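Peer 1: sequence first, predicted model second:
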Amino acid sequence: MKKILIIRFSSIGDIVLTTPVVRCLKKQTGVEVHYLTKQAFQAVLAANPYIDKVWTFRKEVTEVLPQLRAERFDLVIDLHRNLRSLRVRLALWRVRSYAFNKLNFEKWLMVNWKINRLPNRHVVDRYLDTVRPLNVLNDGAGLDYFIPAEDEVDAVAFLKARLPDGLSPLPYIAFVTGAAHATKRLPEAKIIAVCRLLQHPVLLLGGPDEAESGARIASAAGPHVVNACGTLKLNQSASMVRQAAKVISHDTGLMHIAAALGKDLVSIWGNTIPAFGMVPYYPVGVNRNTSVEVLGLPCRPCSKIGFSECPKGHFRCMQEISEAEVAGIG
């Protein structure tokens, strides 16, 4: 084999979790590695030295199918496994393919009946199972995340310009306030309470959707809290994560980027559960993550992804999270 196409369309965290497959394939087989994803997530892979070419599309995979056919791949590795990725495999029907087992039935059992048939294995190890027929094995080196030089941010200068005079910007804590679904995020009042407990400067990170809530949190939590939500691009946020002393994050993309960068991490779990196999993933023998969750709730997990609001109305999975435990003083 000379050329392989890997498919994972979204989202940030899921793509970061495929990086051990990319690295191990490249280093152990020497093949030319191509990667197909959505254009919105190109930045996640842009600087990865183990990828020879990143293919993207805006809305439909048909935008790139003719070019993909012309590449004459020897193998397709489908790490997304949905109807859209199947369409790519069918379009490249002459090319052999391997597809990832998403364990949808096992997750359905856990969400709907609380019957746990989930394997006690991380999704990264299950991704790597997909390429085991190629004799590609886990090298134990964890996740990869590469920040382009032009996206590196001077954290000291950034924080000095926004903190009160006399307050040192180092060390600081990065707090990732966002997540794709509301049931994966602490309520604003809980985030404010955590920030008030932290003794170091706090940098709030998130996308444009978190800009307004970030401003409210920073205003209420105190002058040591700086809101950067919506002001930094993804790789700039990753740069600020890399320079932080510690990261606090919901179950979201920057959580996995923090793990890839080897950071001390507090991960907060609401409607999703670590048992789904997507806790922060570190090199073999390393675990710098502390998971904070409310155990014993009969309604949890209520979804493998999330909701815009608690389906039960009480939101106990987040309302009962200990602020002191998140802040590291519980």
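Peer 2: Nice, thanks for sending it over.
Peer 1: Arg117 sits in which helix or strand?
Peer 2: Assigned by DSSP states H and E, Arg117 belongs to neither a helix nor a strand.
Peer 1: for Val33, same thing?
Peer 2: Val33 is part of strand 32-38 when elements are defined by DSSP H and E.
Peer 1: partner strands of that strand, parallel or antiparallel?
Peer 2: Taking DSSP bridges as the criterion, strand 32-38 forms sheet pairs with strand 3-7 (parallel), strand 53-57 (parallel).
Peer 1: so which residues of the stretch 201-330 of the chain form strands?
Peer 2: For the stretch 201-330 of the chain, the strands defined by DSSP state E, counting those that start in this stretch occupy 202-205, 225-227, 246-250, 265-268, 289-292.
Peer 1: out of these, nearest to Leu186?
Peer 2: Within these, the stretch nearest Leu186 is strand 265-268; the backing value is 6.2 Å (Cβ to Cβ). Backbone N, C-alpha and C define where each C-beta goes, glycine included.
Peer 1: ok, which of the strands of the stretch 201-330 of the chain comes nearest Leu83?
Peer 2: Across these, Leu83 has its closest neighbour in strand 246-250 (28.4 Å, Cβ to Cβ).
Peer 1: show me what the closest one is packed against.
Peer 2: With contacts taken as 3 or more Cβ pairs under 8 Å, 6 or more residues apart in numbering; DSSP states H and E, strand 246-250 sits against strand 173-176, helix 253-260, strand 265-268.
Peer 1: of all these, which lies closest to Gln67?
Peer 2: Of all the helices and strands packed on strand 246-250, it is helix 253-260 that lies closest to Gln67, at 27.3 Å by Cβ to Cβ.
Peer 1: now do Ile191 against Val156, distance only.
Peer 2: Separation of Ile191 from Val156 (Cβ to Cβ, to the nearest Å) stands at 24 Å.
Peer 1: over to Pro66?
Peer 2: Applying Cβ to Cβ to Pro66 and Val156 gives a distance of 48 Å.
Peer 1: kindly report the same for Arg300.
Peer 2: Distance of Arg300 to Val156, computed by Cβ to Cβ: 40 Å.
Peer 1: just for this structure, where's the confidence low?
Peer 2: The chain contains residues with pLDDT under 70 at 330.
Peer 1: how is it divided into domains?
Peer 2: Listed by automatic domain parsing, the domain ranges of the chain are 3-134, 149-327.
Peer 1: dump the ones you listed to a markdown table, plus mean neighbour count.
Peer 2: Converted to a markdown table, the domains of the chain look like this (neighbours: other Cβ atoms under 10 Å):
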| stretch | mean neighbour count |
| --- | --- |
| domain 3-134 | 17 |
| domain 149-327 | 19 |
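Peer 1: hey, where'd the helices end up in the stretch 101-250 of the chain?
Peer 2: 104-113, 123-129, 155-160, 188-197, 211-221, 234-243 (DSSP state H, counting those that start in this stretch).
Peer 1: ok, residues contacting the shortest one?
Peer 2: In other words, helix 155-160. Identification of contacts with helix 155-160 by Cβ atoms under 8 Å, 6 or more residues apart in numbering yields 169-170, 172, 201, 203, 226, 228, 239-240, 243-244.
Peer 1: quick revisit: and the helices of the stretch 101-250 of the chain: which comes nearest Val54?
Peer 2: Nearest to Val54, of the helices of the stretch 101-250 of the chain and by Cβ to Cβ, is helix 234-243 at 14.2 Å.
Peer 1: who does that closest one touch, helix- and strand-wise?
Peer 2: Helix 234-243 sits against helix 42-45, helix 155-160, strand 173-176, strand 202-205, helix 253-260, with contacts defined as 3+ Cβ pairs under 8 Å, 6+ apart.
Peer 1: hmm, 10 Å instead?
Peer 2: When contacts are defined as 3 or more Cβ pairs under 10 Å, 6 or more residues apart in numbering; DSSP states H and E, helix 234-243 packs onto helix 12-16, helix 42-45, helix 155-160, strand 173-176, strand 202-205, strand 246-250, helix 253-260.
Peer 1: tell me who's in contact with Gln28.
Peer 2: Remark: with contacts taken as Cβ atoms under 10 Å, 6 or more residues apart in numbering, Gln28 is in contact with 131, 134-137, 139.
Peer 1: mind running it again at 6 Å?
Peer 2: Neighbour list for Gln28: Val136 [criterion: Cβ atoms under 6 Å, 6 or more residues apart in numbering].
Peer 1: can you check Gln39 too?
Peer 2: Taking Cβ under 6 Å, 6+ apart, we find Gln39 in contact with 56, 58.
Peer 1: just the CA coordinates of the strand holding Val33, formatted as PDB?
Peer 2: Extracted as PDB, the C-alpha positions of strand 32-38 are listed here (Å, rounded to 0.1, in the frame of the first residue of the first chain):
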ATOM      1  CA  GLU A  32       1.000   8.500   2.200                       C
ATOM      2  CA  VAL A  33      -1.800   9.600   4.600                       C
ATOM      3  CA  HIS A  34      -4.800  11.700   3.400                       C
ATOM      4  CA  TYR A  35      -7.600  12.900   5.700                       C
ATOM      5  CA  LEU A  36     -11.100  13.900   4.800                       C
ATOM      6  CA  THR A  37     -13.000  16.200   7.100                       C
ATOM      7  CA  LYS A  38     -15.400  19.200   7.000                       C
END
